[in-house]
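Trainee: quick check, what structure comes out for this input:
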Amino acid sequence: MKKILFCLAMMVATSAAAVDDSKYLAGAVPEKDGIVTFTKSFSVPGKTAQQISETLQTYFNRLVENSITAPGNYARIMGAEQDSIVARACEWMVFKKKPLYLDRTRFRYQIKAVVNGNRVTLSLSNITYYYGEDNEGENGVIFKAEEWISDSEALNKAQTKLYPKSGKFRRKTVDRVDEIFDDAMDAFDVPEAVPAMKIRKAVIED
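Mentor: This is a model prediction of the structure:
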């Protein structure tokens, strides 16, 4: 009886530990003309193009201001017109953090917003990672998204599993891009008194 209970406990533990990677499999990392490019489109009813651009400018400024200050990161607003805003940003992407152990990479990307009337198209591309640097920020390795997290590089031939090393980059990147796009849309909403009950009202997603 004890052996049966032990086996059942092990099966439950194994099941709980299993990772559902369905979100990150084929198609999760889109490419455009051979370049990994994530996109998101939405409209902001009742707002003019200028109002929308001003809100996005503030959000892009925050991404740049919160970027890592280090040589080679080039975090800045690259262009800002009423119908187009482009920025480069760099931030830490943390895979695992424990006492005396920190596994992380610099996550560098370009984000662009195109405003047409009350419609917005966001795109995030030119992604690179600087991984394995020492305490002085040197001797790391640079990976381009196209050669590291694309379907052809991060998935097995059957496209049913992620490779262990590149897979952790792919998961974190997909999640972070979703977060960046969600935050951009949330910038048009007035914060609710109870954040946990917040429902996005100001924008309409495609």
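
Trainee: enumerate every residue touching the nearest residue to residue 78 once chain neighbours are set aside.
Mentor: Nearest residue to residue 78, sequence neighbours excluded (Cβ to Cβ, 6 or more residues apart in numbering): residue 86, at 4.4 Å. In short, each C-beta sits where N, CA and C put it, glycine included. Shown in contact with residue 86 (Cβ atoms under 8 Å, 6 or more residues apart in numbering): 77, 78, 79, 80, 110, 111, 112, 113.

Trainee: for those residues, pick the one with the most neighbours.
Mentor: In terms of neighbours by other Cβ atoms under 10 Å, the contacts of residue 86 top out with residue 111 at 25 neighbours.

Trainee: how about the helices in this protein?
Mentor: Ranges of helices in the chain, per DSSP state H, are 2-17, 49-65, 151-154, 164-186.

Trainee: residue 206 is nearest to which of those helices?
Mentor: helix 164-186 (11.3 Å; Cβ to Cβ).

Trainee: which strands and helices sit next to the closest one?
Mentor: With contacts defined as 3 or more Cβ pairs under 8 Å, 6 or more residues apart in numbering; DSSP states H and E, helix 164-186 has these neighbours: strand 38-43, helix 49-65, strand 84-98, strand 101-116, strand 119-131, helix 151-154.

Trainee: now the shortest one: mean pLDDT?
Mentor: Mean pLDDT, computed over helix 151-154, is 96.

Trainee: same check, this time on stretch 125-132
Mentor: Average pLDDT, stretch 125-132: 97.

Trainee: pull out the buried positions in that stretch.
Mentor: Within stretch 125-132, the residues that qualify as buried are 125, 126, 127, 128, 129, 130, 131, counting by 16 or more other Cβ atoms under 10 Å.
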